[in-house]
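Undergrad: predicted model, plus sequence, below.
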Amino acid sequence: MTESHENTDTTTDPTTEITEITEITAIVEPEPAKISFADLGVRDEIVRALAEDGKEHPFAIQELTMPMALAGDDLIGQARTGMGKTLAFGVPMLQRITTDADRELSGIPRALVVVPTRELCLQVYEDIAGAAKYLRAGDRKLSVTSIYGGRPYEAQIEALQKGVDVVIGTPGRLLDLAQQGHLQLGGLSMLVLDEADEMLDLGFLPDIERILRQIPDVRQAMLFSATMPDPIITLARTFMTQPTHIRAESAASSQTHDTTEQFAYRAHALDKVEMVSRILQAEGRGATMIFTRTKRTAQKVADELAERGFKVGAVHGDLGQGAREKALKSFRNGDVDVLVATDVAARGIDIDDITHVINYQIPEDEQAYVHRIGRTGRAGKTGIAVTLVDWDELPRWTMIDKALGLDNPDPVETYSSSAHLYEEMKIPAEATGSVGKATRTTDKPKREPRDRAPRRADANGERPARNRDRTRQRTRGGGQGGGGHVESTDAPTQDAATTETSPDGESAGRSGARRRRRRRSNATAPTTSG
């Protein structure tokens with residue numbers, strides 16, 4: 001492993017306090033030295049917990065960041081998706097708050113990890129809680145809890161009232177509980193921002209700044225991210241003290257994983273499910289993620305694959321949080337081996353043994369493409385990424401191809417019966433579009449209960465329309481109701497990626513509400529002759 005050092009002093013807002021960032025880029029050798037966590041100074045209780053989880057040797061980003069983090073330095077860690085960033089901050093955080101002789105753990109939060117999505121919140125919670133299972137705070141076990149939207153407040157408030165040492169949470173719910181007085185941020189000695197680039201993409205930076213204003217000025221801060229855009233660097237310079245920016249890269253580094261083999265096929269929309277069905281029968285195919293741009297398409301693909309006999313789950317914004325967690329749990333433990341997801345819902349899904357990623361619809365840009373295919377080829381393992389490009393998606397694909405240097409701007413026209421598809425994907429010749437009887441592994445979005453209250457007729461014999469507040473309607477003429485053309489403002493569209501539920505669950509609009517036309521106000525009730 002070789003290192004290069006560089007001091008940077010990029011320009012920021014002149015009204016903002018500026019701090020210098022020291023940069024270290026480490027070139028990771030193909031076969032790094034096999035040191036242990038104990039060699040890095042990690043305490044025995046944590047080493048034992050990690051070993052029981054099969055983690056005995058640190059990844060490059062962990063080896064580079066842990067010595068400085070354990071020493072109390074502020075740092076920025078940058079490595080590609082799936083390279084072990086969670087333990088790179090989690091282990092030093094646990095060790096420092098449990099070995100601080102000046103401040104005993106009292107049940108007031110001492111460490112806070114802010115993450116962009118509910119799924120990532122649960123993943124980070126599981127990793128940190130697992131590493132902390134043998135740690136104690138006086139006569140009690142070290143307490144770790146997760147705080148995120150989409151779940152009732154009561155259980156989270158009760159956990160905070162009992163006493164918590166480490167909190168992992170999403171910005172919206174953290175701010176809500178802090179403003180209600182349930183979450184105390186004044187006792188923090190450590191702060192971590194995880195997947196900072198995704199928080200930027202999802203528009204959470206204002207919430208992050210509000211959180212930063214409520215925590216002590218004297219504390220250790222760490223920021224971890226796969227990419228480091230300028231706004232993140234600016235944020236780091238305003239709340240960190242002389243941080244060190246550490247990048248872990250391979251000798252032949254690229255934005256996408258070198259261990260992931262990438263394929264792109266020009267596919268017809270009506271043939272995509274057939275193609276996917278055959279790819280799912282490829283030799284050596286294990287856990288597989290299928291990405292779509294919209295919630296409606298995700299559910300449709302999951303349903304069709306289930307009808308064809310595949311064990312499939314779905315994760316998207318129209319599903320309740322309980323259904324999403326159930327699908328992820330089934331995917332992790334192998335009850336289902338295919339997970340269909342939208343980009344927002346899939347952020348934070350961290351599973352090392354995914355063999356295939358299929359882009360059923362191409363992503364919005366190259367960064368989303370990198371995040372998607374980064375779900376496979378993780379932790380040194382190999383993987384396959386397949387992108388199905390419809391004719392109307394070709395311009396967007398050309399931009400992604402050019403930005404990433406994939407050298408495949410015009411994918412070959414491919415059908416489910418194409419010989420080259422069978423050959424490249426290693427699909428058995430006898431594979432068909434189904435593998436057996438339909439399965440029932442996918443959860444359908446729940447519809448809101450209809451208002452069944454009786455409606456009394458007015459003087460003209462008209463029954464008033466039912467309460468339709470949950471589906472806001474407007475007319476082309478600009479008014480509510482009336483005789484104009486009625487449009488449902490929350491009806492889903494094929495390209496409406498913005499209809500996805502807020503990732504931390506603080507807003508949850510229904511996109512599937514029915515359209516109804518209101519009765520004209522001057523209509524008269526029908527009469528019958530006696």
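TA: Ah, there it is. Numbers count the residues shown, from 1 in each chain.
Undergrad: I figured residue 321 hits residue 118, correct?
TA: Yes - Residue 321 lies in contact with residue 118 (Cβ atoms under 8 Å); the separation is 6.5 Å. Glycine gets a C-beta too; all of them are placed from N, C-alpha and C.
Undergrad: so residue 428, which of the three states?
TA: coil (DSSP: H, G, I helix; E, B strand; the rest coil).
Undergrad: what's the closest non-adjacent residue to it?
TA: residue 281 (6.4 Å; Cβ to Cβ, 6 or more residues apart in numbering).
Undergrad: check contacts around that neighbour.
TA: Applying Cβ atoms under 8 Å, 6 or more residues apart in numbering to residue 281 gives the contacts 427-428, 431, 435.
Undergrad: what mean pLDDT does stretch 327-339 get?
TA: For stretch 327-339, mean pLDDT is 90.
Undergrad: distance from that stretch to the middle of the chain?
TA: Mean-position distance between stretch 327-339 and its chain equals 16 Å (Cα atoms, centre = their mean, to the nearest Å).
Undergrad: now do that stretch: everything it contacts.
TA: With Cβ under 8 Å, 6+ apart, stretch 327-339 has contacts from 119, 122, 280, 286-290, 305, 310-315, 319, 349, 351, 441-443.
Undergrad: separate out the buried members of those residues.
TA: 119, 122, 280, 287-290, 305, 310-315, 319, 349, 351, 441-443 (16 or more other Cβ atoms under 10 Å).
Undergrad: show me where the stretch 201-350 of the chain has strands.
TA: Applying DSSP state E, counting those that start in this stretch to the stretch 201-350 of the chain gives strands spanning 220-225, 244-250, 260-266, 287-292, 312-315, 338-342.
Undergrad: which strands border the shortest one, and is each parallel or antiparallel?
TA: Going back to what we said before, that points to strand 312-315. Neighbouring strands of strand 312-315 in its sheet, by DSSP bridges, are strand 338-342 (parallel).
Undergrad: check the second one too.
TA: Taking DSSP bridges as the criterion, strand 244-250 forms sheet pairs with strand 21-28 (parallel), strand 75-78 (parallel).
Undergrad: so where's the stretch 1-150 of the chain uncertain?
TA: The stretch 1-150 of the chain contains residues with pLDDT under 70 at 1-20, 24-33, 81-82.
Undergrad: redo that, cut-off 90
TA: Residue ranges of the stretch 1-150 of the chain with pLDDT under 90: 1-35, 54, 56-57, 59-61, 78-85, 100-107, 117-120, 123, 136-141, 150.
Undergrad: let me see the domain layout of the chain.
TA: Listed by automatic domain parsing, the domain ranges of the chain are 2-250, 260-425.
Undergrad: thought residue 358 was touching residue 292?
TA: No - taking Cβ under 8 Å as the definition, residue 358 is not a contact partner of residue 292, at 9.8 Å.
Undergrad: which other helices and strands does the helix or strand hosting residue 394 contact?
TA: Element membership of residue 394 [criterion: DSSP states H and E] is helix 394-404. Under the contact criterion of 3 or more Cβ pairs under 8 Å, 6 or more residues apart in numbering; DSSP states H and E, helix 394-404 touches strand 260-266, helix 366-373.
Undergrad: any idea which of those is most buried?
TA: helix 366-373 (a mean of 22; mean count of other Cβ atoms under 10 Å).
Undergrad: tell me which helix or strand comes right after it.
TA: Heading C-terminal from helix 366-373 (DSSP H and E), you reach strand 383-389.
Undergrad: who are the packing partners of that following strand?
TA: strand 260-266, helix 272-279, strand 354-359, helix 366-373.
Undergrad: just the terminal-to-terminal distance for stretch 314-324.
TA: With Cα to Cα, to the nearest Å applied, stretch 314-324 spans 7 Å between its terminal residues.
Undergrad: for it, which positions count as buried?
TA: Residues of stretch 314-324 classed as buried: 314-321, 323-324 (neighbour count, 16+ other Cβ under 10 Å).
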